[in-house]
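Student: this is a predicted model, with the sequence first.
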Amino acid sequence: MDLQRASTCMACSTSHAQAARPRAQLFAARARPRCFVVAHANPYDIFDAMDRQFVQMDRQFDAMQRQMDREFESAFSRARDAERQAREAERQVLSDPEASRPSSSSSFRQDLLRPAPDVDITRQEERGSGYYRYYERIQITSGGGRGHGSSPPPAAASLSPAAAGPGPAALLSVAVLVGGYAALTAAFNRNYQLTSYAEQKRWLLLALWPLLFLFSPKFREQFSAAVKGERVRWNGGSGGGSRPSDGGL
């Protein structure tokens, strides 16, 4: 009787253990931490994008410079045409007085150029970097003592920097400064690994390098070497020319 009861208890315990095993596996599967795949961006893709942006800025600067050259040439051409017309009008007045009489087609200009005993013509021409100014003053004194004076030609007056606002020379200077800043920033970013500064300071140094270049001799030395594609060698410490880890300014 005792043997039968013992065998029955062993069978029950065995079946209970077999039934509890899948339940334990289910709990273990539920307690298992989930793993998520996180994609990390490649930092070199950002640098390549910046390089492409700087190349595009250089192309835009070259196109703008060519457009300004064409505008300068057009302005100089208009100024030369105005000067040639003024000389032809003067030659016509001095050679053929009858041609300067007023008619229905020309009122004010021919009235200024009508024949007179005394004709005084004064010209002034100024050329500079990005501008051209031409002034002409014609004074005709008649027998009654009345004088007539002419204002500058409209084409020449339109070229005056004071009347037209910021001239092409100022725009060209701004474009040169922007292009130089972009080129130096691109070169410094491209050769940043040649400097002793940490990678975490890259964007800060790219944004503030003009101020650091003015006030930090150490940064000025490293910036100049990086732009030239050279590595600055340090003599301090036991490592000789080793690269410092702090990257202090």
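Tutor: That came through fine.

Student: please count neighbours and contacts with C-alpha atoms only from this point.
Tutor: Will do.

Student: can you classify M57 by secondary structure?
Tutor: Following DSSP: H, G, I helix; E, B strand; the rest coil, M57 is assigned to helix.

Student: can you get me a residue count around the nearest residue to L194 once chain neighbours are set aside?
Tutor: Spatially, and ignoring its direct neighbours in sequence, L194 is nearest to R231 (4.9 Å; Cα to Cα, 6 or more residues apart in numbering). A count of nearby residues for R231, using other Cα atoms under 10 Å, gives 19.

Student: so R231, which of the three states?
Tutor: When classified by three-state DSSP, R231 comes out as coil.

Student: can you list the domain ranges for the chain.
Tutor: According to automatic domain parsing, the chain comprises the domains 43-165, 191-228.

Student: list the residue ranges of the chain that fall below the pLDDT cut-off.
Tutor: Low-confidence segments of the chain, defined by pLDDT under 70, are located at 1-44, 96-119, 129-132, 134-135, 139-167, 233-249.

Student: quick one: the helices in it?
Tutor: Per DSSP state H, the chain carries helices over the ranges 2-31, 43-95, 108-112, 154-158, 161-164, 168-190, 202-215, 217-228.

Student: ok, and the closest non-adjacent residue to N191?
Tutor: Leaving out its chain neighbours, the residue that sits closest to N191 by Cα to Cα, 6+ apart is A226, at 5.4 Å.

Student: ok, now how distant is the one you found from D62?
Tutor: Using Cα to Cα, to the nearest Å, we find A226 at a distance of 25 Å from D62.

Student: so if I had to pick from those two, which one is more boxed in?
Tutor: For the pair A226 and D62, the greater number of neighbours falls to A226 (22 against 14), based on other Cα under 10 Å.
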